[in-house]
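Undergrad: kindly return the folded structure for what I paste below:
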Amino acid sequence: MKLSFRTILPIILISALLILLNGCIPTTTPTPGATTGGTITGIFETPEACCIANRDHTEGWVPLVNATVSVIDSKDVTHTTKTDSDGKYWLTDVAPGIYYVITACCECEDGEGVYKDVVEEELKEGDTYDAGIADCESSALGLMVDYLLSGDVFVGEDCNDYCNCFDEESQIYALLVTTGVKLRVAAVNLQNPITEPLEKIRANADFQGFVVELCDLLEACCVEPGVTLVPPPGPPPTDPCVGHSAPEITTLLPLQATAGQEYTGTVSATDVDNDALTFSLTLHPTGMSIHPDTGKITWTPGCEQICECLQLAEMGRTEEPNGGCIPNIVTVKVTDACHSAEKTFCIEVTNNEPVLDLKDKEVTAPDTFIYDVSADASDAEGDILNYYLVAPPAGMTIGLTTGVITWAVVCDDADCTSNTFAAAIVPCIPKDYLIEVKVTDACHPDGVVDTFTLTVKPCEYELTVLVNPSGKGTPNGAGTYPQNSIAPISVTDLELEYEFVDWTGDAVLGSTIVNSNTVLMDADKIVTANLRWHEVYEPFCRFAFEDLPILPYAENDWDYNDWVGDVDIKCQYLGEGLEEITFTVTHEHDGAGLDSEVWFKIPANTFSSTGTYVLNGGASTAFDNTIVNDFKFISSVELLSGGETFTLVITFGSPFSFTCSPFVVSDIFGKSIFFQAYLHVLDNPVYGVPDYVASATDPRRLAVPGSWTYPDEGDPIWDDYAKVTGSSSAGPNFNLEDGTWTTP
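TA: Numbers count the residues shown, from 1 in each chain. Next comes the predicted model:
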């Protein structure tokens, strides 16, 4: 070990622990330096005189020069070396390990002999351990490690003169064995493969006594090698008990204990001679013990040991049965070296019942009801409590140890007499449940019971009343209603041209086409008041055609009055969706020399729903929105005198979002209109004009929003409208900068 608080008696003669080998293995003195294993270093010194009184390494000590130093593990001598002129040694390349013992042995001259030291921590690869200067404690520790590992004591060949100090007949050997056995009883087992700290040996009181006695024995052994001193006989022993008084027990406090909790009591006793006292129990309840030195009683009484104590004049307590229980009688005995005394006490053991103070609760269905009953329960002793429900509603549970009640409350848990249409509809009302809870502890298995009232309020449902289209009327009746309530609904303050049609969404109790209605609130519901309204454009636009051939331009008169017609559009909406669209075509003028047909073309997928159509009052015909639809409004403009009207009504199977946008004046030829009006000019052999069509891709068609005054017969449009320029050869050029070309 490193330099200790107590240095060695000069000559500590112990074995080299050569379990498998007899004698030391000599090697050359190594030079300090780097190794692949670990390094052990230290110093051995010896006193100048054998029995020098000074045990501290301060004066009278000289280096132990050229002594053989061996390192021994639990099995064998692993390395040897020699001390230098300063008594220092190095053991290098020592394999990593534990429990290494270092032994220095020299020829026995003038009292030199065996010295010991110990590597007190695990030696790891590459580490250097400095054992310091060997002393009495380190040698005793090395000797004890030898013994605990091998079970015997050995000495080196160079130390034979001192064998008698360590043989099996010596006091040193007997003391070593006695102390080693005590250490084994104290569970110091160095054979355990897990490293056990040597500090456990050092801290042991028996080992500390061994160190002191070993130093004294070795000092005596040092007088003459091989001789053990025997102390001279002393005077005959005297009786130590003469004149001594017996001890007296005064109190045991406290005399109350709680079942399930540790009881600590203290016995007070006096002794006029101030002798050391030893305490014991001659009568005691099961599980009770007393410390022999302090008189401290420890005990954890069980529930079966709950009992009171009755007064008796003689001894203050009784051990007779008391109301079905047996009092806990304790008889304490105290002794000193010469005398003993006893006294009897009774310890009262109690444990109170738990306390339960429940509070009434309420919950609105549907919800998860949670009540932590433990917050309203208590136990004076802090015992662990268990919780139980007595005849709870279906689905209600309680945590055995947590006391948390949980119940998934549904709407039917309220008081709902009837919720069917066949019987009278009665709104649900709150319902009270009486909940009974029992709480127990270890000593009171029957427990205590308390109740609380749980009021379940009926479910509340949300009614949402909407208007379609939004903002065109005031919805009435929205709000929160108890389960099975009857909620009135209506829509008022309709804007002009909006009319109520029906209710959609969740079912109403009356007819869906009645504005003022009612709803059974047996769930969250949404109802929508649908309004019908119209978007009307009269006229939407005026179409004007030039019917002469487009080429050459010079042959056209560009008066755009060969056929003129107005188109009115009426879009009928149900809520936000287009329900029906009506086209009305009014024949205004026919200035052509050729006969023509007037057609409307609706491109495929212009509308998002199929339906039916009626053309000019004819039969209802299926309308397919996925194909191009061509409708012939007028079969012969030559047969018309002016003012005649023609209609196309398309009714859709499902309303859909659609905007009948107003016409834009800058769209001169109406290319962006969602339908296309075109003129089919019929073949006329008189003029030699072939059969052809004037449509939106043709500059011979004008589209003008609202009513528009067309040019006089034969007047090019640039003659009647100042902002239109052009010539017979080039055709018209419309000024679109400010959109006012239609001004004459």
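Undergrad: wait, what's in contact with the closest residue to residue 476 other than its chain neighbours?
TA: Of all residues not flanking residue 476 in the chain, residue 490 sits nearest, at 4.7 Å (C-beta to C-beta, 6 or more residues apart in numbering). (Glycine included, C-beta is placed from N, CA and C.) Shown in contact with residue 490 (C-beta atoms under 8 Å, 6 or more residues apart in numbering): 475, 476, 477, 515, 516, 517, 529.
Undergrad: nearest residue to the middle of the chain?
TA: By C-alpha atoms, centre = their mean, the chain has its centre lying nearest to residue 402, at 20.1 Å.
Undergrad: that one and residue 375 touch, don't they?
TA: No. Checked against C-beta atoms under 8 Å, the pair residue 402 and residue 375 is beyond contact range at 10.8 Å.
Undergrad: what about the stretch 201-350 of the chain, any weak spots by pLDDT?
TA: 216-237, 311-323 (pLDDT under 70).
Undergrad: how about the strands of it, start to end?
TA: Under the criterion DSSP state E, counting those that start in this stretch, strands of the stretch 201-350 of the chain are mapped to 248-253, 256-258, 263-270, 278-283, 289-290, 296-299, 328-335, 340-350.
Undergrad: likewise for the stretch 351-500 of the chain?
TA: For the stretch 351-500 of the chain, the strands identified by DSSP E, counting those that start in this stretch occupy 355-356, 361-364, 367-372, 377-378, 386-390, 397-398, 404-409, 431-441, 444-457, 460-468, 474-476, 479-482, 485-492, 499-505, in order along the chain.
Undergrad: how about the ones you listed in TSV, adding distance to residue 299?
TA: Supplementary listing: the strands of the stretch 351-500 of the chain in TSV, determined by distance: least, C-beta to C-beta, whole Å:
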stretch	distance to residue 299
strand 355-356	26
strand 361-364	43
strand 367-372	35
strand 377-378	26
strand 386-390	25
strand 397-398	35
strand 404-409	35
strand 431-441	20
strand 444-457	21
strand 460-468	60
strand 474-476	79
strand 479-482	62
strand 485-492	67
strand 499-505	76
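Undergrad: which of those sits closest to residue 705?
TA: Using C-beta to C-beta as the criterion, the shortest distance between residue 705 and these is 28.5 Å, found for strand 499-505.
Undergrad: partner strands of that closest one and their direction?
TA: Sheet neighbours of strand 499-505, with direction, are listed as strand 525-545 (antiparallel) (DSSP bridges).
Undergrad: let me see the domain layout of the protein.
TA: As recorded under automatic domain parsing, the domains making up the chain are 38-221, 248-350, 355-457, 460-523, 534-734.
Undergrad: need the three-state assignment for residue 508.
TA: Three states are possible here, and by DSSP: H, G, I helix; E, B strand; the rest coil the one that applies to residue 508 is coil.
Undergrad: just confirm residue 541 contacts residue 702, I think it does.
TA: No. Using C-beta under 8 Å as the test, residue 541 is too far from residue 702 to be in contact (9.7 Å).
Undergrad: roughly how far out does stretch 241-255 sit from the chain middle?
TA: Here the centre of mass of C-alpha atoms in stretch 241-255, compared against the chain's by C-alpha atoms, centre = their mean, to the nearest Å, lies 62 Å away.
Undergrad: for that stretch, buried residues please.
TA: Within stretch 241-255, the residues that qualify as buried by neighbour count (16 or more other C-beta atoms under 10 Å) are 244, 247, 249, 252, 255.
Undergrad: beta-bridge partners for the fourth one, please?
TA: So the one you mean is residue 252. residue 267.
Undergrad: quick one: contacts for it?
TA: 265, 266, 267, 268, 297, 330, 332, 343, 345, 347.
Undergrad: so how far is residue 334 from the third one?
TA: Computed with C-beta to C-beta, to the nearest Å, the distance linking residue 267 and residue 334 is 7 Å.
Undergrad: what residues do these two have in common as contacts?
TA: Both residue 267 and residue 334 are in contact with 249, 279, 295, where contact means C-beta under 8 Å, 6+ apart.
Undergrad: adding distance to residue 612, write the residues you listed out as TSV.
TA: Output for these, formatted as TSV (distance: C-beta to C-beta, whole Å):
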residue	distance to residue 612
249	117
279	113
295	111
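Undergrad: between those, which is closest to residue 591?
TA: Taking the shared contacts of residue 267 and residue 334 together and measuring to residue 591 by C-beta to C-beta, the closest member is residue 295, at 137.3 Å.
Undergrad: the spatially closest residue to that closest one that is not a sequence neighbour and residue 290: what is the separation?
TA: Sequence neighbours aside, residue 267 is the residue nearest to residue 295 in space, at 3.7 Å (criterion: C-beta to C-beta, 6+ apart). In this structure, residue 267 and residue 290 are 7 Å apart, going by C-beta to C-beta.
Undergrad: contacting residues for the residue nearest to residue 574 when sequence neighbours are not counted?
TA: The shortest distance from residue 574 to any non-neighbouring residue, by C-beta to C-beta, 6+ apart, is to residue 655 (4.7 Å). Contact analysis of residue 655 by C-beta under 8 Å, 6+ apart lists 573, 574, 575, 576, 577, 578, 579, 609.
Undergrad: which of the residues you listed lies closest to residue 84?
TA: Nearest to residue 84 among the contacts of residue 655, with distances taken as C-beta to C-beta, is residue 576, at 108.8 Å.
Undergrad: run a quick neighbour tally on that closest one.
TA: Under the neighbour criterion other C-beta atoms under 10 Å, residue 576 is assigned a count of 15.
Undergrad: may I have the phi/psi pair for it?
TA: Phi and psi for residue 576, reported as degrees, to the nearest 10, are phi -100, psi 0.
Undergrad: and the pLDDT at the closest residue to it other than its chain neighbours?
TA: Using C-beta to C-beta, 6+ apart and skipping the chain neighbours, the partner closest in space to residue 576 is residue 469 (4.8 Å). In the predicted model, residue 469 carries a pLDDT score of 93.
Undergrad: distance of residue 469 relative to residue 512?
TA: In this structure, residue 469 and residue 512 are separated by 18 Å, where distance is defined by C-beta to C-beta.
Undergrad: which one of those two has more residues nearby?
TA: For the pair residue 469 and residue 512, the greater number of neighbours falls to residue 469 (17 against 14), based on other C-beta under 10 Å.
Undergrad: check contacts around the more buried one.
TA: Applying C-beta under 8 Å, 6+ apart, the residues near residue 469 are 531, 533, 573, 575, 576.
Undergrad: kindly report the same for residue 493.
TA: Counted by C-beta under 8 Å, 6+ apart, residue 493 has contacts 473, 474.
Undergrad: look up phi and psi at it.
TA: Listed backbone geometry of residue 493 is phi 60, psi 40, with angles given as degrees, to the nearest 10.
Undergrad: and it, how close does it get to residue 470?
TA: Counting by C-beta to C-beta, the gap between residue 493 and residue 470 amounts to 13 Å.
Undergrad: what does residue 199 show for phi and psi?
TA: The main-chain torsion angles of residue 199 are listed as degrees, to the nearest 10 and equal phi -60, psi -20.
Undergrad: again but with residue 427, I slipped
TA: In terms of degrees, to the nearest 10, the main-chain angles of residue 427 are phi -60, psi 150.
Undergrad: neighbour count added to the contacts of residue 252, as TSV?
TA: Shown next, in TSV, are the contacts of residue 252 (neighbours: other C-beta atoms under 10 Å):
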residue	neighbour count
265	22
266	14
267	24
268	12
297	23
330	24
332	23
343	18
345	23
347	25
